[in-house]
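S.K.: give me a model of this one.
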Amino acid sequence: MASGATSRSEDEESLAGQKRGSAPAAGTVPKRRSSSRFIKRKKFDDELVESSLAKPSSRAKGAGGAEPARGSGSEPSSGEKKKVAKAVAAPAAPSPAPPHPGLAKRVKKSKQPPPVTKDLGRWKPADDLLLINAVLQTNDLTSVHLGVKFSCRFNLREIQERWYALLYDPVISKLACQAMRQLHPEAIAAIQSKVLFSKAEEQLLTKVGSSSQPTLDTFQELLHKHPDVFYPARTAKALQLHWQLMKQYYLLDDQTVQPLPKGDQVLNFSDAEDALDDSKLKDVRDEVLEHELTVADRRQKREIRQLEQELHKWQVLVDSITGMSSPDFDSQTLAVLRGRMVRYLMRSREITLGRATKDNQIDVDLALEGPAWKISRKQGVIKLKNNGDFFIANEGRRPIYIDGRPVLGGNKWKLNNNSVVEIASLRFVFLINQDLIALIKAEAAKLAQQ
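M.R.: Predicted structure coming up:
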């Protein structure tokens, strides 16, 4: 009995010592906990209600979970001794610190795929197809930059970067190929019709003589003879239009470049320097002249606005911006005077050429094609005779060149199909509606027989 009492008193003393060691000293102030955040966030109303509800429940749980106090004579069981020993021996394991939010964001950003280049949106599938076909035809990116009209205005460096990306970048080339496969067949045909001509194709076209009158059958036969040279989408009509353009700029084999006309035009710098008069170089400000120039400028702007409002009245068809031009002839067009920018339709037996002014109205205003300040107000007249022949009469001061031959003022010259008409550095091709002229000749023959 004495040994049991001594063991019980030793256990009670050990428990009391543990309680005294765990409890803070009465004279010391407990350490205040402070947040590591720089700014404390205020709690919202719902968070205040939840925290107030959680506090009494925790108190009730602590009160109900506490063991009833034993008397001094009660002895703790062996299971309780093991629990107390475990609680004293095993320290609390530190909770793992949550990862820093900035690191997680940086990791997520690094896993994102690299952004696609901005040129991917500017280059359309039609542009890629046109670029590929043009490079295969010419093998020269500079020629492609100068001769191909894309949907956007790209410079030479952008075209080079896009071509290298289509060749060596697997992502861009794959996307471009998928987009080009989804193009409509009509869109593909329109793109292929605008492909540049290669040097071999132009070499074959230059062999067609400028003095001959080639028809569509001539160019169709040329296509059949050289199918390996011409692009598969070429047509006889496309070859004829390109041949006419080459003839207009004297690029055929049997054509020679005409020398510059001699006269009052200045040819070199020394002639211009000799023609200058030093006494006229003094810059004297004339207020009256400046006022007159201002009034004249206003008057010209007013006339320009008036002409813009009368555009719908003119019988001029401008080629489409996309390059797909309308047919040259219809049932009422006798002939067409086609320039680089504008086509003039001849629908009557006689038309006048020149420069339109406020007091002088003419049929064909050559100012729409280019600079016409050297052209007379009534430069010439084109007439259709009863036998079906066209003649042009020069009624201006400057000569008119027909296929390189000058026609002086007061003279006339016969116009053939595909004749090149040059008036003050403006070049046109004269095209005749052969079907309609054949009907006119047949009617004239019937009247002659009667």
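S.K.: so where's the stretch 51-200 of the chain shaky on pLDDT?
M.R.: Residue ranges of the stretch 51-200 of the chain with pLDDT under 70: 51-121.
S.K.: ranges for the helices of it?
M.R.: Assigned by DSSP state H, counting those that start in this stretch, the stretch 51-200 of the chain shows helices spanning 78-89, 101-111, 119-122, 125-138, 141-147, 156-168, 170-181, 185-193, 199-205.
S.K.: same thing with the stretch 351-450 of the chain?
M.R.: 434-449.
S.K.: picking that back up, buried deepest among the helices of the stretch 51-200 of the chain, which one?
M.R.: Between the helices of the stretch 51-200 of the chain, helix 125-138 has the highest mean count of neighbours, a mean of 19, where neighbours are mean count of other CB atoms under 10 Å. C-beta here means a position set from N, CA and C on the backbone, and glycine is covered the same way.
S.K.: now tell me what touches that one from outside.
M.R.: With CB atoms under 8 Å, 6 or more residues apart in numbering as the contact definition, helix 125-138 has outside contacts at 141, 143-144, 147-148, 150-152, 159, 162-163, 166, 176, 179-180, 182-183, 187-188, 191-192, 194-199, 231.
S.K.: thinking again about what came up before, and of the helices of the stretch 51-200 of the chain, who's closest to Tyr344?
M.R.: helix 185-193 (24.4 Å; CB to CB).
S.K.: helices or strands up against that closest one?
M.R.: Using 3 or more CB pairs under 8 Å, 6 or more residues apart in numbering; DSSP states H and E, the elements in contact with helix 185-193 are helix 125-138.
S.K.: could you give the angle of the helix it packs on to helix 170-181?
M.R.: If you take axes from the mean of the first three to the mean of the last three CA atoms, to 10 degrees, helix 125-138 sits at 100 degrees to helix 170-181.
S.K.: mind exporting the C-alpha coordinates of helix 125-138 to PDB?
M.R.: Backbone C-alpha positions of helix 125-138 (Å, rounded to 0.1, in the frame of the first residue of the first chain) are rendered in PDB as follows:
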ATOM      1  CA  PRO A 125      -4.800  32.700 -98.300                       C
ATOM      2  CA  ALA A 126      -5.300  34.300-101.700                       C
ATOM      3  CA  ASP A 127      -2.100  36.400-101.100                       C
ATOM      4  CA  ASP A 128      -0.200  33.200-100.200                       C
ATOM      5  CA  LEU A 129      -1.400  31.400-103.300                       C
ATOM      6  CA  LEU A 130      -0.600  34.400-105.500                       C
ATOM      7  CA  LEU A 131       2.900  34.700-104.000                       C
ATOM      8  CA  ILE A 132       3.700  31.100-104.500                       C
ATOM      9  CA  ASN A 133       2.500  31.100-108.200                       C
ATOM     10  CA  ALA A 134       4.300  34.400-108.900                       C
ATOM     11  CA  VAL A 135       7.600  33.100-107.500                       C
ATOM     12  CA  LEU A 136       7.400  29.900-109.400                       C
ATOM     13  CA  GLN A 137       6.900  31.900-112.600                       C
ATOM     14  CA  THR A 138       9.600  34.500-112.200                       C
END
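S.K.: so that helix versus helix 185-193, what angle?
M.R.: 40 degrees.
S.K.: just the angle for helix 125-138 relative to helix 156-168, thanks.
M.R.: Using the same axes, to 10 degrees, the inter-axis angle of helix 125-138 relative to helix 156-168 is 90 degrees.
S.K.: all strands of this protein, in order?
M.R.: Counting by DSSP state E, residue ranges of the strands within the chain are 316-318, 335-338, 342-346, 350-354, 364-365, 380-384, 390-394, 400-402, 405-407, 412-415, 419-423, 426-432.
S.K.: Gln450: which of these is closest?
M.R.: The closest of the strands of the chain to Gln450 is strand 380-384. By CB to CB, the value is 21.4 Å.
S.K.: in its sheet, what does that closest one sit against?
M.R.: Partners of strand 380-384 in the sheet, by DSSP bridges, are strand 350-354 (antiparallel), strand 390-394 (antiparallel).
S.K.: in it, what's buried?
M.R.: Neighbour-count burial for strand 380-384, with 16 or more other CB atoms under 10 Å as criterion, is recorded at 380-382, 384.
S.K.: return that strand as CSV; C-alpha atoms alone will do.
M.R.: Taking C-alpha atoms only, strand 380-384 is exported to CSV below (Å, rounded to 0.1, in the frame of the first residue of the first chain):
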residue,chain,number,x,y,z
GLY,A,380,-8.2,65.0,-133.5
VAL,A,381,-11.3,63.3,-135.0
ILE,A,382,-11.8,59.5,-135.6
LYS,A,383,-14.3,58.7,-138.4
LEU,A,384,-15.8,55.5,-139.7
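S.K.: what is the rounded mean pLDDT of that strand?
M.R.: Averaged across strand 380-384, the pLDDT comes to 92.
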